[in-house]
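Engineer: A predicted structure for the sequence below; I have some questions about it.
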Amino acid sequence: MREKQPLLQALDLSVGYSSARRKTHVAGPLDIEIYAGQLICLLGPNGSGKSTLLRTLAGLQPALKGAVKITGTPSGKLKPPQLAKKISLVLTDSVRDSNLTAYSLVALGRYPYSGWLGRLSEQDRKVVDQAIEAADAGSVSDRKVSTLSDGENQKVMLARALAQDTPLMMLDEPTAHLDLPSRIQLMQLLHQLAGQTQKAILLSTHELDLALQVADELWLLEQGGQLHRGAPEDLVLNGIFENVFDKEGILFDKATGTFHLHHGNGKQITLTGSGPSAFWTKRALQRRGFTVTLSQPADRHILVSEESGQTRWVLRDSSGERFFDTIAGLLDGLA
Amino acid sequence: MSVSNRKLFRWGGLLLLLVLAFLLDVAMGSVRIPFREVFKVLFFQDTHDTTWQYIIDKIRIPKAFTAVLAGCGLSISGLQMQTLFRNPLAGPDVLGITSGASLGVALIMLSGGSITTLYTIKELGVSGSWLIIGAACLGAAGIMLLIVSISGRVQNNAVMLIIGVMIGTMTLSVISIWQYFSSPDLIKDYLLWTFGSLGGVSGNQLYILAFAVVTGLIISFLSSKLLDALLLGENYARSMGLTTQRARIIIICSTSLLAGSITAFCGPINFIGIAIPHMARALFNTSSHRILMPACCAIGTLLMLICDMVAQLPGSQTVLPINVITSLVGAPVVIWVILRKNNLKV
């Protein structure tokens, strides 16, 4: 598969801002390839330069060094309308203060294809309708964009990018401001799109969990501007994922693929039980700072048991046995 | 009624009102002329009274056409500015563009020596008219460029508005300095010009104004697609293949041409530029410039003609300055727009 020509390629690329007085180096040198059908998630701490990298790849700002090649042609050599047929964007810029309806906003995606007055052909309308359907924005297409919720707005912006009908799509933090179900829904949608339409989708996000689940490839941008690329699972196993997000008080648990917020308070506790009850009991104990062990007997032991549909917690310590009906009660008993 | 029928109905109604307003505007004035005679003159029939014929041919019809040009030009320049700055409160008078044009006009009057009045420059004939238009357009374009360069750094619409007002005030102060050293005649001449008048344009001047405004309108209409893309902001516009730098220059040129030429001949007319685009959006419920452009022209013309009729104070011999009326009509619209926050959209 990798023998194909990459849709986007950049060698020795440095990104940042340059003004007459000085250059501000943000990230690089980077070597990048994007292939058709890939869903790539760009992750990195705030301020690591995710947006700058995206903007540079999209041709919205010039690279400090190196060039971005789109299907072999340097993007600087492409005329703006040609580039617009290669890359479509979903940005963080607000479009909500316009009087546009969702439909006419999506229709603007046909801009590079429409005539000099911007009139849409039958074919254009068909593409717009398909884009709205694919982005699951059909229910809001008649509404003004100013009245849409964040989730609806993001779907409409996605539909606009789809209507632009480009092999490459880049999204800058599309999941920001969305509630959890909308975030999952959007990521799922992008995952399907990449698979079904063979579009290459590059998105920056802070959703580490979701990115680990849906991305074909992760790009981890470190604070210093170094980029690590690879399959999500490889990056987790070789410890790079952990390193990039290493911060005081946050631990990445390789075993579960989740982040832990809490430091232990040094106290150990043994937990016996299975299923969801045991899992959430463990979470509660960790929140209180206990190091939960499953095998070694500590001086305190909790037994989670289920009796005729009723969950009960038994706490055994030096003073004997106590019974609890809720986790809250158990935590009180431990204090 | 289907959507397209309703739209057709609106356009039809608007056009009907337009024709009616044009005829009424020609029929009304300080000299009472019977409607029948007005129609006779309008449809090239002889009337018994040559004075009436003269009044209608040489004064009222040019004035009505000037109202049409001013209504179209100012509202389109306002529409373009609101989209370019993504600011619903933008307009040629609000952001100091008309002040820039005024400065251009004032400079011409100044450079002509202390005895030159606007009237005498106009009487220079074609070259004089072009001189005034050129100066006003350059003045307008200068301020427009300044505003564009500042607007890149200011995100807040209200702040941009205040900066525009400040620039306008500064420009007018420069004019005041010149006035301070000018003869009373000149000051009076300039003051009368600032009241605004649709009546001062006649003969060749009307053709020149028409040429400038129609050129500006054609450029604007052809920019409809660029303006549509700019509704999403500069980044999205660029990602859709718009060369923003070029688009900006085109829009600045046509806006300055429209606002500058009209200001040169009719004086700084307030509130039409900011108010009409909002009326057009409200009436046609769209942001598409392909529809808003003609809608602004129609509504702008209609409102200008109505303002002109009101300025005649029907039944009296007095004629009020047009600027007084447009402010009285336009300012409430702007207040309404600001109060109905939902309508603060471009």
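Structural biologist: Perfect, I can see it now. Every value quoted in this text rests on a predicted model; they were computed, and no experiment measured them.
Engineer: who touches A:Lys86 in this structure?
Structural biologist: A:Ile70, A:Thr71, A:Leu78, A:Thr166, A:Pro167, A:Leu168 (CB atoms under 8 Å, 6 or more residues apart in numbering or on different chains). Just so you know, the C-beta spots here come from the backbone N, C-alpha and C atoms, and that holds for glycine as well.
Engineer: Chain neighbours aside, what residue packs nearest to the first one?
Structural biologist: To tie it back to what came earlier, the one meant is A:Ile70. Leaving aside its sequence neighbours, A:Ile70 sits nearest to A:Lys86 (CB to CB, 6 or more residues apart in numbering or on different chains; 4.9 Å).
Engineer: ok, A:Ile201 - contacts?
Structural biologist: A:Gln38, A:Leu39, A:Ile40, A:Leu168, A:Met169, A:Met170, A:Leu171, A:Leu190, A:Leu193, A:Ala194.
Engineer: per-residue confidence at residue 57?
Structural biologist: Let's take chain A. The per-residue pLDDT reported for A:Leu57 equals 95.
Engineer: actually chain B
Structural biologist: 85.
Engineer: That one reaches B:Val41, doesn't it?
Structural biologist: Yes. B:Asp57 lies in contact with B:Val41 (CB atoms under 8 Å); the separation is 6.7 Å.
Engineer: if you count what's nearby, which of those two comes out ahead?
Structural biologist: Ranked by neighbour count (other CB atoms under 10 Å in any protein chain shown), B:Asp57 and B:Val41 place B:Val41 first, with 21 against 13.
Engineer: Now do the same for that one: helix, strand or coil?
Structural biologist: helix (DSSP: H, G, I helix; E, B strand; the rest coil).
Engineer: again, but for the one 5 residues further on
Structural biologist: At B:Asp46, secondary structure determined by three-state DSSP is coil.
Engineer: before we move on, what about A:Gln82?
Structural biologist: Quick answer, by three-state DSSP: A:Gln82 is helix.
Engineer: Count the residues that sit near it.
Structural biologist: Applying other CB under 10 Å, I find that A:Gln82 has 14 neighbouring residues.
Engineer: What of B:Pro92?
Structural biologist: Counted with other CB under 10 Å, B:Pro92 comes out at 34.
Engineer: Distance check, the spatially closest residue to it that is not a sequence neighbour against chain A.
Structural biologist: The spatially closest residue to B:Pro92, leaving aside those adjacent along the chain, is B:Ala259, at 3.9 Å (CB to CB, 6+ apart). With distances taken as CB to the nearest CB, to the nearest Å, B:Ala259 is found 23 Å from chain A.
Engineer: Over to B:Ser183?
Structural biologist: 48 Å.
Engineer: contacting residues for the residue in the stretch 1-150 of chain B positioned nearest to chain A?
Structural biologist: Of the residues in the stretch 1-150 of chain B, the one nearest chain A is B:Arg86, at a distance of 7.1 Å by CB to the nearest CB. Listed by CB under 8 Å, 6+ apart, the contact set of B:Arg86 reads A:Asp97, A:Ser98, B:Leu230, B:Leu231, B:Gly233, B:Val346.
Engineer: will you turn the residues you listed into CSV that also has distance to A:Leu148 and secondary structure?
Structural biologist: Output for those, formatted as CSV (distance: CB to CB, whole Å; DSSP: H, G, I helix; E, B strand; the rest coil):
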residue, distance to A:Leu148, secondary structure
A:Asp97, 12, coil
A:Ser98, 12, coil
B:Leu230, 20, helix
B:Leu231, 15, coil
B:Gly233, 16, coil
B:Val346, 17, coil
